[in-house]
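Novice: Just the structure for this:
(one chain, ligands or ions: 2)
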Amino acid sequence: MERIMVIGAGQMGSGIAQVCAQAGYEVTLNDLKAEFVERGLGVIKKNLSRQVDKGKMTAEELDKVLGRITASNDLQDAKSVDLVIEAAVENMDIKTKIFAQLDEIAPEHTILASNTSSLPITEIAAATNRPEKVIGMHFMNPVPVMKLVEIIRGLATADEVYQTIEDITEKIGKVPVEVNDFPGFVANRILMPMINEAIYTLYEGVASKEDIDSVMKLGMNHPMGPLTLADFIGLDTCLYIMETLYEGFGDPKYRPCPLLRKYVKAGWLGKKSGRGFYVYE
Ligand SMILES: CC(=O)CC(=O)SCCNC(=O)CCNC(=O)[C@H](O)C(C)(C)COP(=O)(O)OP(=O)(O)OC[C@H]1O[C@@H](n2cnc3c(N)ncnc32)[C@H](O)[C@@H]1OP(=O)(O)O
Ligand SMILES: NC(=O)C1=CN([C@@H]2O[C@H](COP(=O)(O)OP(=O)(O)OC[C@H]3O[C@@H](n4cnc5c(N)ncnc54)[C@H](O)[C@@H]3O)[C@@H](O)[C@H]2O)C=CC1
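Specialist: Residues are numbered from 1 along each chain as shown. Ligands and ions are numbered 1, 2, ... in the order given. As a prediction, the model looks like this:
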């Protein structure tokens, strides 16, 4: 297992490409347009340069890591990889289309992983003719910092595929946790209802956004308040995850807050769009 393709050069895809290249893998970073890949590569360069400035990495190492990442706008590049990690938007139609194409293009031995934060791996796998080689590899944001990777077994995922992905996760310095395929897995089944409740607390006028964040930061020692964290994750992603929980369990306790829907409709997607609950420069 030497060559990894990452699909989607956004917040998550760029971080995944970075940690894989730092661990010595040859990485192909793919997105729809060259400018999207360039933006992702820019974030990686900035992250690595910060490490050089802090004396945690040499300039030569930085060049080596960047040299291992190749830009791509063509899914055909999956022809020469051993593992694909898909980190495109949280939308089942888009993901199943990507996986069906990858299944046609990638060699037989290639494992197809998704960084989906909540969508059923079993359904994504069903879009391919190799469901035993499809698996969830759910990284946390920011990828270079957060230790956890949830590894999600679909109904048909083979044991040796799980083992390979667990080994790679450890090789890139992360801690794997095994999870079965249920909506939201573990991380977002617990985290996202808390964020949604924080949005309801704002919506109902219980407290200001700053005070809601302060309660959780100063009262519970969370590193970020829930509204800041929602902006950091992306409000579109938060909404998609709540919808997956709501539909997946059919339980009204997961209904997304109308204020979250309104912000996403307005294009206020959080940090990545410059405005969410807070405004960013
Ligand atoms: C939605 C999903 O499906 C799943 C998810 O991902 S849920 C989201 C999970 N993530 C979280 O909950 C994050 C919560 N927040 C935090 O842990 C912290 O606020 C934080 C790590 C993001 C920043 O920590 P901080 O102490 O305030 O900032 P700071 O001191 O600037 O940074 C600490 C380190 O992280 C690095 N860092 C911070 N932000 C970074 C980023 N976006 N990318 C890369 N590195 C980053 C810094 O360079 C610094 O590195 P060194 O220790 O090597 O110097
Ligand atoms: N934001 C977060 O905190 C986390 C997100 N995730 C998941 O990771 C995935 C990506 O999320 P983000 O990076 O935050 O989103 P993002 O919006 O920052 O990036 C998504 C990227 O995918 C690209 N893309 C869309 N369709 C594509 C296609 N067909 N082919 C190639 N590229 C395509 C977009 O152009 C964009 O650059 C989602 O499934 C999300 O649920 C998982 C863990 C944490």
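Novice: Show the contacting residues for I152.
Specialist: For I152, the contact set (Cβ atoms under 8 Å, 6 or more residues apart in numbering) comprises 121, 135-138, 179-181, 185. Quick note: C-beta positions are derived from backbone N, CA and C, even for glycine.
Novice: can you check V134 too?
Specialist: 99, 111-114, 121, 124-125, 128, 154, 156-157.
Novice: Quick check: the residue of the protein nearest ligand 2.
Specialist: The minimum distance from the chain to ligand 2, using Cβ to the nearest ligand atom, falls at G10 (1.8 Å).
Novice: thought that residue was touching E90?
Specialist: No - G10 is beyond contact range of E90, at 10.7 Å (criterion: Cβ atoms under 8 Å).
Novice: Those two: who's more crowded?
Specialist: Higher neighbour count among G10 and E90: E90, with 21 against 18, using other Cβ atoms under 10 Å.
Novice: ok, back up a step: taking the contacts of V134 one by one, which sit in helices?
Specialist: Here DSSP state H is the test, and the contacts of V134 give 99, 121, 124-125 as lying in helices.
Novice: Select only the buried ones of these in ChimeraX?
Specialist: Those of the ones in helices among the contacts of V134 that count as buried under 16 or more other Cβ atoms under 10 Å are selected in ChimeraX with:
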select :99,121,124,125
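Novice: so what pLDDT did the residue nearest to G274 when sequence neighbours are not counted get?
Specialist: The shortest distance from G274 to any residue other than its chain neighbours is 5.2 Å, reached at Y280 (Cβ to Cβ, 6 or more residues apart in numbering). With respect to pLDDT, Y280 scores 97.
Novice: about what we covered before: how about the contacts of I152 in CSV, adding distance to I16 and pLDDT?
Specialist: What follows is the contacts of I152, written out as CSV (distance: Cβ to Cβ, whole Å; pLDDT from 0 to 100):
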residue, distance to I16, pLDDT
I121, 17, 98
I135, 14, 98
G136, 13, 98
M137, 8, 98
H138, 11, 98
V179, 18, 96
N180, 22, 95
D181, 20, 96
F185, 17, 96
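Novice: List only buried entries from these.
Specialist: Buried members of those, counted by 16+ other Cβ under 10 Å: 121, 135-138, 179, 181, 185.
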